[in-house]
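Asks: Predicted model and sequence below, questions to follow.
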Amino acid sequence: MPSQRVIIGIGLTILLTISAASIGLDVKSRIDAVAVGQTLGILRKLADIQLLLRRSESAARGFALSKDDYYVREYRNASAGIPAAFDDLIADFADRPDQKPVLEEVKGLAIRRVAISSEMIRLQAAGDIAGVAAQAAKAEGRMTMEKIGIDLEKIIVEVRTRLAVRYAASRTTRAFLLAIDLAGVVLILILATVLIQTSRRSSRELRHSLNATQAANETLEAAVAERTEHLVAAHEELRHSTAVLQNTFNSVAEAVIVLDAKGEIILANEAAGKLLRYRPGMNVWELRRLSVAYHADGVTRLTAHEMPSAQVLRGEPFDEQEIVIRPANGRDPLDLVVSGRPLRDASGAISGAALVYHDITQWRETERKLQQSQKLDAIGKLTGGVAHDFNNMLTVITGTTETLVASLQHMPALQKTAAMIDQAAERCSELIQHLLAFARRQPLQPRNVDVNGTVLDIAKLLRPTLGEQIEIDSILDHEVATSHIDASQLANALLNMAINARDAMPNGGKLLLETRNVVLDEAYAQANPDARPGAYVMLAVTDTGTGMSREVQDKVFEPFFTTKEVGKGTGLGLSMVYGFVKQSGGHIKIYSELGHGTTIKLYLPPARGQTEAPPAAAAPPLHGSETILVVEDDALVRNFVAAQLQALGYQTVAAADGPAALAVIDNGQPFDLLFTDVILPNGMTGRQLADEVALRRPDMKVLYTSGYTDNAIVHQGRLDPGVLLLSKPYRKSQLADMIRRALNGE
């Protein structure tokens, strides 16, 4: 009995010791769990700060490339939260005086980086190229960002080390708790056995012991359940944090891959699969075999030493390096901007690399289209000015040769020579009209035109022109709207495109003419800067010919550009079509592939109402005896016009510019018609002169002439209401007809 009591006493003592140890370890386990949670919170805050920095950097780069205000708002939203995020993180390091100054320094660097980026955005928005270049040359922003990244990476490494230590300590504590619990259970079983042996002698003591044992067991079970609950909660919190980080990583629009020191891909987001065609298990060399990488010029291949992954694994960080990759499967090339950073372990050795790929293919394509549109506009302005001067000279040449031909009836040899000069001048005139069509300086006579009817009429003419080896087919939408355009120019455009298609099919083929109503949306207009969103009548001409390369497509609308042999074609056909469509307020688009054919689509402005009948033929020219005030700055043309009008019976008064003409009027000179060039020197156009004449002599009739038109009397390619225009060069019969129409008030 005494020995049993001694055993029970010793057992109870050991049990109490185990309980005390268990309670102590339980308290330590809770402390460890709290420490783990705090450390995870610090990691999340560090990740949030990195995300804010990346968002602000990405938005600043986006604004530099596109000048879109959306990226300015994105940048401000991201950068505004950086100081508060750092303050929140610094508060968590109150117990780490060795780390707190480092964080204060990183915070200052981040605020400085935000200020640098804000200044760069301000300079870019103001168009201060010199300021932007100066900022970029200092490279302060890039060095600051590199310092921030290095310091944050050091802090993250230190925090992760603390997390690993605390997590290991927590696991050790849980192991000891489990061992103590098991020891307690074993001891309870031993004590139960001893108590059973003494139960016959002392049931009261046995019941008391059993009650005490049950109470202790319940306490232990409650403690185990509580510890288990804490462990489950900590595990769930860790799993949630991991999921948030993974989702954030996958939601990044840029392709991101992380390599180890051997070049194995250990981490990649979803964008890497879409952009780079990465598949799980691939290494960097397998990824390279999917495409060929070039420098930004798209011509010079990158060597293995120059590849972004090779650079960064050598410890060479870089930002926004532009490359072009051409997929091996023949897909379209991609323009990419790559940034890379080496990853280092605690000793400073390179342990891997992180690469970020940003797709700028669409931006480069839009930039190319905008540059092409601007180039064509510049060529058009130059062409219009040259054509104006040529028309002035051709006006004199054609009129003079016409007079020579008529006056040399008794000298056949000389008359034949004069006729040859006249024919050459006529061909020059046609050439100038082609140039004016490209330059969008030709006066159009738009009306509501049945596009389907025009296509059918032209198709009848094309069959004998193109030959039997070319099959002509059409798909015409019966509900297609009428278009408000110049019918003759539309017919010429169709003929030019059909002849070009014939030349692209030397061995025969198929020509398809197609019409339908279409709507160009905002997305299309953004991708094609020269197009405006809205409803159009689409007219497409498709051939099955040789097709065109990208380089040819970029130049096909330029005047005098041709791929035909010397002496075959002037290179003005498609440039005329381009000018006509743009002057009519439409849009033109070419789709072509080498060896597969070409489609040219004209998007013409729709019209309201029914199709109009063609205008009636002009009345035959008549002579007259009225007085005409001729205003022309070119003396040669002025003298020629005066001579022609006098030959028709009219009286003439001549002036070289607007002020001289007003001086003639102010001197009381009577006249019946103002015949003025549109383009005049000394700061006054023909339209402004006509307005001044109307103030002095209301209801005075006006006839304009010009080698090309501009906004003085033409808007959106149409003559202003009530305006008569005689285009240079013109013949005597055309001059007589328009003078008579102007005097008659037609």
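Replies: It's in.
Asks: what ranges do the helices span in the stretch 201-350 of the chain?
Replies: For the stretch 201-350 of the chain, the helices defined by DSSP state H, counting those that start in this stretch cover 203-251, 270-276, 284-288, 308-313.
Asks: Between those helices, which has the poorest mean confidence score?
Replies: For the helices of the stretch 201-350 of the chain, mean pLDDT drops lowest on helix 203-251, to a mean of 71.
Asks: Save the helices of the stretch 201-350 of the chain as a markdown table, and put in distance to Thr300 too.
Replies: No exception for glycine: its C-beta is placed from N, CA and C like everyone else's. Converted to a markdown table, the helices of the stretch 201-350 of the chain look like this (distance: least, Cβ to Cβ, whole Å):
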| stretch | distance to Thr300 |
| --- | --- |
| helix 203-251 | 33 |
| helix 270-276 | 21 |
| helix 284-288 | 17 |
| helix 308-313 | 15 |
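Asks: Please name whichever of those helices is nearest to Ile600.
Replies: Ile600 lies closest to helix 270-276 among those, at 32.7 Å (Cβ to Cβ).
Asks: Packing partners of the closest one?
Replies: Applying 3 or more Cβ pairs under 8 Å, 6 or more residues apart in numbering; DSSP states H and E, one finds that helix 270-276 makes contact with strand 255-260, strand 350-359.
Asks: So for Asn507, which of those strands sits nearest?
Replies: Of all the helices and strands packed on helix 270-276, strand 350-359 comes closest under Cβ to Cβ, at 40.8 Å.
Asks: Can you give the contact residues for that closest one?
Replies: Defining contact as Cβ atoms under 8 Å, 6 or more residues apart in numbering, one finds that strand 350-359 is touched by 58, 61, 254-261, 266, 272, 275-276, 308-309, 312-313, 315, 334-345.
Asks: pull the CA atoms of it into PDB?
Replies: Taking Å, rounded to 0.1, in the frame of the first residue of the first chain, the C-alpha atoms of strand 350-359 are listed here in PDB:
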ATOM      1  CA  ILE A 350      24.000  35.000 -58.600                       C
ATOM      2  CA  SER A 351      21.300  32.400 -57.800                       C
ATOM      3  CA  GLY A 352      19.000  33.100 -60.800                       C
ATOM      4  CA  ALA A 353      17.400  35.800 -62.800                       C
ATOM      5  CA  ALA A 354      14.000  37.500 -63.400                       C
ATOM      6  CA  LEU A 355      12.900  38.700 -66.900                       C
ATOM      7  CA  VAL A 356       9.900  40.800 -67.800                       C
ATOM      8  CA  TYR A 357       8.700  40.900 -71.500                       C
ATOM      9  CA  HIS A 358       6.300  43.700 -72.600                       C
ATOM     10  CA  ASP A 359       4.600  43.300 -76.000                       C
END
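Asks: Can you list the buried residues in it?
Replies: Buried residues in strand 350-359, defined by neighbour count with 16 or more other Cβ atoms under 10 Å: Gly352, Ala353, Ala354, Leu355, Val356, Tyr357, His358, Asp359.
Asks: pLDDT score for the fifth one?
Replies: So that's Val356. pLDDT, Val356: 88.
Asks: what sits opposite it in the beta ladder?
Replies: For Val356, the beta-bridge partners under DSSP bridges are Val256, Ser339.
Asks: lowest confidence element among the helices and strands of the chain?
Replies: Lowest by mean pLDDT, DSSP states H and E among the helices and strands of the chain is strand 714-715, with a mean of 50.
Asks: quick one on the thing from earlier: among the contacts of strand 350-359, which ones are buried?
Replies: Neighbour counting by 16+ other Cβ under 10 Å classes 58, 61, 254-260, 272, 275-276, 308-309, 312-313, 334-344 among the contacts of strand 350-359 as buried.
Asks: Domain boundaries for this structure, per the record?
Replies: 2-251, 255-359, 366-439, 447-604, 627-743 (automatic domain parsing).
Asks: Mean pLDDT lowest where, among these?
Replies: Among the domains of the chain, domain 366-439 scores lowest, with a mean of 61.
Asks: quick one: Met307 and Arg288 touch, right?
Replies: Yes: counting by Cβ atoms under 8 Å, Arg288 is a contact partner of Met307 at 6.9 Å.
Asks: From Glu320, how far out is the closest residue to Ala353 other than its chain neighbours?
Replies: Once flanking residues are discounted, Ala353 sits nearest to Val312: 4.1 Å by Cβ to Cβ, 6 or more residues apart in numbering. Note on Val312: its distance to Glu320, by Cβ to Cβ, to the nearest Å, is 14 Å.
Asks: and Ser117, what helix or strand is that in?
Replies: In this assignment (DSSP states H and E), Ser117 forms part of helix 100-125.
Asks: Thanks again, I'm all set now.
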